[in-house]
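Asker: Predicted coordinates and the sequence they were generated for:
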Amino acid sequence: MTRVLSGIQPSGEIHIGNYLGAIKQWVAIGEKLGRDAFFCIVDYHALTNPLAYDPATLAQRTFEAALVNMAAGLDPEKVTLFVQSHVPEHTELSWVFTTITPLGDLTRMTQFKDKAAKQEAVWSGLLMYPVLQAADILIYKADTVPVGEDQVQHIELTREIARRFNALFGETFPEPEALLNPEAPRVPGIDGKAKMSKSLGNTIGLLEPEESIWRKIQHLPDDPQRIRLSDPGEPGRTIVFTYLSYFAPKELVEALKEEYRKAGIGTLTVKRILFEEMMKVLRPIRERAEELKKDPDYVMDALLEGAKRARAVAQATMEEVREKVGLLLPS
Ligand code: ATP
Ligand code: MG
């Protein structure tokens, strides 16, 4: 791993799925790679979601998404953290990529099919989403993309785009690999079924009020086959234990599973412990977020500095691309 890129959409409240699947890995990678770790708030991507996108709130949401990432541990003085639209070369490269991406590759993408099914009118931006994502990654010649499992198919497409570009125009891009957090590749939503997603409203937000989180935990679906407290429980049948494994130490999880199997404890006890353990992780993030909210200039300056650094790399790649595809260069 020498260069990393990953992104998050300002499409709603950042949740524990984003944190566990993506941001937590980003923080660890940033410690190792420093400025070669590129992370961006992908605001152009968020325009493809008509249900969540509102021109009146996008800028604020973009700013808050950056702030939450910083609060969760991403240090903009170490990594390169920026806003996608501040580096217009992403969209420029994505145009070139659309010209070498078969339509069929895009229409078969699972995310496209899922999201399109929920929309009344389907705009072509939603279809092109993975092409822009390929440009986000390849413009930095990133070799590693830390993401949740839902993005693996898009990274595979990115590899194909890189391969095709290289075959047509000469060796230019690496074929990047997805990197999953083995402990939480796909965090289920509070309904216990779908992936936790900003756009599905099945989330636990990193900055959500404690009472609201506790209410959601209380309502997490229980083991449907355990009717009485005296019935032996099967931890695998309730997401309460799935969530617990993300936040509590292994020994505690194992001990509680044992008790639960023996019908020694009910789900409510486990839910209380889950809440405590989750809040131990979330409280410091909230405290840092409160601090950062008092200093919005620090957040904005850090983003602009990040964009400056990112843009220098992106411009160099775009110059190479323009030359390789044979455009008339303006010099
Ligand atoms: P949206 O519903 O608008 O697509 P989202 O919740 O899926 O939002 P994204 O901004 O699309 O969030 O994704 C940001 C990162 O978080 C990606 O790397 C994605 O794979 C990861 N991620 C999103 N949801 C989960 C989840 N439930 N479990 C693990 N990783 C996730
Ligand atoms: Mg998503």
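Answerer: That came through, no problem. Ligands and ions are numbered 1, 2, ... in the order given.

Asker: Asn166: helix or strand, and which one exactly?
Answerer: Using DSSP states H and E, the element containing Asn166 is helix 152-169.

Asker: what's that helix packed up against?
Answerer: helix 89-98, helix 110-117, helix 124-138, strand 177-179, helix 296-325 (3 or more CB pairs under 8 Å, 6 or more residues apart in numbering; DSSP states H and E). In this view, the C-beta of every residue, glycine as well, is placed from N, C-alpha and C.

Asker: average pLDDT for the second one?
Answerer: For helix 110-117, the mean per-residue pLDDT is 96.

Asker: Residue numbers of the stretch 151-300 of the chain in contact with ligand 1?
Answerer: Gln151, Ala184, Arg186, Val187, Lys195, Met196, Ser197, Lys198, Ser199 (CB under 6 Å from any ligand atom).

Asker: Show me how the protein divides into domains.
Answerer: Listed domain ranges for the chain are 4-187+296-325, 208-289 (source: automatic domain parsing).

Asker: Can you give me the end-to-end span of the longest one?
Answerer: Taking CA to CA, to the nearest Å as the measure, domain 4-187+296-325 stretches 25 Å from start to finish.

Asker: Please spell out which residues along stretch 212-232 are buried.
Answerer: Ile213, Trp214, Lys216, Ile217, Leu220, Asp222, Asp223, Arg226 (16 or more other CB atoms under 10 Å).

Asker: one step back: please identify the buried residues of the helix holding Asn166?
Answerer: Val152, Gln153, His154, Ile155, Leu157, Thr158, Arg159, Ile161, Ala162, Phe165, Phe169.

Asker: Now do that helix: everything it contacts.
Answerer: 96-97, 100-101, 105, 109-111, 129-131, 133-134, 137-138, 145, 147, 172-178, 180, 321, 324-325 (CB atoms under 8 Å, 6 or more residues apart in numbering).

Asker: how many degrees apart are it and helix 296-325 in direction?
Answerer: 40 degrees (axes from the mean of the first three to the mean of the last three CA atoms, to 10 degrees).

Asker: and helix 152-169, how far from the chain's centre?
Answerer: 21 Å (CA atoms, centre = their mean, to the nearest Å).
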